[in-house]
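Engineer: Structure for the following, please:
(one chain, ligands or ions: 2)
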Amino acid sequence: MFQGPGQAGILSVAEPSNADGHLLLKVRMVGLCGSDLNSFRGQNPLISYPRIPGHEIAATVVENFSKHSALAIGTDVAVSPYTDCGKCASCRRGRPNACQFNETMGVQRDGALTEYLVVPPERLYPAKLSLKELCLVEPLTVGFHAVARGRVTAEDIVAILGCGGVGLGAVAAASFRGAETISIDVDDDKLELARLAGGAHVIHGLRESVHERLLELTDGHGPDVVIEAVGRPETFRAAVEEVAFTGRVVYIGYAKQPVTYETRRFVQKELDVLGSRNAQPEDFRAVIGLLEARRFPVEETVSLTVALEEVPSMLRSWSDNPPQFKKIMVDLD
Ligand SMILES: [Zn+2]
Ligand SMILES: [Zn+2]
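Structural biologist: Ligands and ions are numbered 1, 2, ... in the order given. As a prediction, the model looks like this:
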C-alpha cells in the first residue's frame, strides 16, 4: 500500500466482500509500469492516499456469484482496471474507455496488488496465456486502442513516436494488422524490442534525421498514420509536421505542458487529429489474439520479477534509477 508519496508498506487489509453478481479472484501476478512509479513518487495528479497499486493483472477465478457469467472456477483471466459510469457523453456513445468519471484501479480506487479481488464479469477476459502474458494484456491494449483509433489497415505505413510500453503496443498492433511500421525512439533497447514486436523499420531519433528517414521510407509522402506516445511538445508537433497529406495523427502521450502549433498544417493537410485513451473490450480481445499467436516478445519485455515482500524496497531502487527497469512483475503465487 502507498501510504503517501515515497511511502510503501505491506499491510493486512480486510478480505473483499462477495458482492452479488461479481466474481472472487485470486490475484496471481501483477505488472508494474511507469504510472505506478509516478504514483509511488507522488507525481500522479489523479492519485489519493492511502492507495493499493496494481492495474496490470493476472488472476484466477475462485468463486462465481454472477448469473451472467459462465466462467468456471480455476479459469485464468486478465482484468480490465477501468470503470465506466454508463451516463456520461462517452458512455452513451458506446465509448466507455473515455468515461468522464472513470476510476482506474490503483489510481482513484484500490488496485490489484493484494491477495483477493472482487470484480464484475464484464471486466474479465479469460485466455489460455501464461501469467506474464496475462499481465501484459492491459498495458498492450492502450497502444492497440490508438491503432484502432487511427483506422490502421494493411495498406498503411504507420510511424510510432516513442517505443515505451504504450508505443510498443502500437507497434505490435499496427504490425499485427499488416501495416508497415516505423518505430522511432532514442533508446536502442526500446528500438530492439520494437523490432522484435514486428516493427519493420526503426529510426534512432538522435543518431539519424527522423524527417529525412521518414521521407525515404514513404516515397517522399510521409507516413499515412503517426502515433505519438511520448507526450512532449516536440513530438506532438512532429506528428503533425511529418504525417502525409490527408493522414491521421493519434495522440496517446499526455503532454505535461501547453503545446504550440502551426495549426495551418491541420487545414492544409486536411488531417484527422485524434485522441486515444485507455481501451475498449475489443482491444483486450485483439491483444489476447496477438499473445495467443505468440507474436510478442514476452520474455524480453519483462526485466524483473519480484515477490510481494520485495516491492517496497524495489520501488525505492526503481525511483532512484528509473531507466534501470522496463517492466516489473510481482509474483503473488
Ligand atoms: Zn500500466
Ligand atoms: Zn461515463
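
Engineer: ok, now how distant is the residue nearest to residue 108 when sequence neighbours are not counted from ligand 1?
Structural biologist: Sequence neighbours aside, residue 46 is the residue nearest to residue 108 in space, at 6.1 Å (criterion: C-beta to C-beta, 6 or more residues apart in numbering). Placement of C-beta: from N, CA and C, glycine included. According to C-beta to the ion, to the nearest Å, residue 46 and ligand 1 sit 13 Å apart.

Engineer: got it, and residue 54?
Structural biologist: For residue 54 relative to ligand 1 (C-beta to the ion), the value is 9 Å.

Engineer: now swap in residue 8 and tell me
Structural biologist: Applying C-beta to the ion to residue 8 and ligand 1 gives a distance of 17 Å.

Engineer: Quick check on the closest residue to that residue other than its chain neighbours: phi, psi?
Structural biologist: Excluding its sequence neighbours, the residue lying closest to residue 8 (C-beta to C-beta, 6+ apart) is residue 312, at 4.2 Å. Taking degrees, to the nearest 10, you get phi -60, psi -40 for the backbone angles of residue 312.

Engineer: OK, contacts around residue 312?
Structural biologist: 8, 9, 10 (C-beta atoms under 8 Å, 6 or more residues apart in numbering).

Engineer: sorry, back to before: state the number of residues packed around the residue nearest to residue 108.
Structural biologist: 12 (other C-beta atoms under 10 Å).

Engineer: Which pLDDT does the model give residue 300?
Structural biologist: Looking at residue 300, its pLDDT stands at 93.

Engineer: Would you check how far apart the nearest residue to residue 128 once chain neighbours are set aside and ligand 2 are?
Structural biologist: Leaving out its chain neighbours, the residue that sits closest to residue 128 by C-beta to C-beta, 6+ apart is residue 292, at 6.7 Å. Separation of residue 292 from ligand 2 (C-beta to the ion) stands at 31 Å.

Engineer: Check residue 187 too.
Structural biologist: 36 Å.

Engineer: And residue 138, by the same measure?
Structural biologist: 19 Å.

Engineer: Can you tell me the closest non-neighbouring residue to the residue in the stretch 201-333 of the chain positioned nearest to ligand 2?
Structural biologist: Nearest residue of the stretch 201-333 of the chain to ligand 2: residue 278, at 11.7 Å (C-beta to the ion). Excluding its sequence neighbours, the residue lying closest to residue 278 (C-beta to C-beta, 6+ apart) is residue 97, at 4.2 Å.

Engineer: my read: the one you found touches residue 145, true?
Structural biologist: Yes - counting by C-beta atoms under 8 Å, residue 97 sits close enough to residue 145 to count as a contact (6.7 Å).

Engineer: In the stretch 1-150 of the chain, which residue sits nearest ligand 1?
Structural biologist: residue 33 (3.3 Å).

Engineer: Now do that residue, the pLDDT please.
Structural biologist: Reported pLDDT for residue 33: 92.

Engineer: Contact partners for it?
Structural biologist: Contacts of residue 33 by C-beta under 8 Å, 6+ apart are 56, 139, 165, 327.

Engineer: ok, now how distant is the residue nearest to residue 108 from residue 109?
Structural biologist: Per C-beta to C-beta, to the nearest Å, residue 46 is found 11 Å from residue 109.

Engineer: which neighbours do residue 97 and residue 145 share?
Structural biologist: With C-beta under 8 Å, 6+ apart, residue 97 and residue 145 have common neighbours 277, 278, 279, 280, 283.

Engineer: what about burial for the contacts of residue 312, which qualify?
Structural biologist: residue 8 (16 or more other C-beta atoms under 10 Å).

Engineer: Narrow the contacts of residue 312 to those in strands?
Structural biologist: Taking DSSP state E, the ones among the contacts of residue 312 that sit in strands are residue 8.

Engineer: want to throw the contacts of residue 312 into CSV with pLDDT?
Structural biologist: Listed next are those as CSV, based on pLDDT from 0 to 100:
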residue, pLDDT
8, 97
9, 96
10, 96
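
Engineer: Identify, from the contacts of residue 312, the entry nearest to residue 149.
Structural biologist: Nearest to residue 149 among these is residue 8, at 34.6 Å by C-beta to C-beta.

Engineer: can you redo the shared contacts of residue 97 and residue 145 as a markdown table with secondary structure, neighbour count and pLDDT?
Structural biologist: Formatted as a markdown table, the shared contacts of residue 97 and residue 145 follow (DSSP: H, G, I helix; E, B strand; the rest coil; neighbours: other C-beta atoms under 10 Å; pLDDT from 0 to 100):
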| residue | secondary structure | neighbour count | pLDDT |
| --- | --- | --- | --- |
| 277 | coil | 18 | 96 |
| 278 | coil | 21 | 95 |
| 279 | coil | 25 | 97 |
| 280 | coil | 20 | 97 |
| 283 | helix | 26 | 98 |
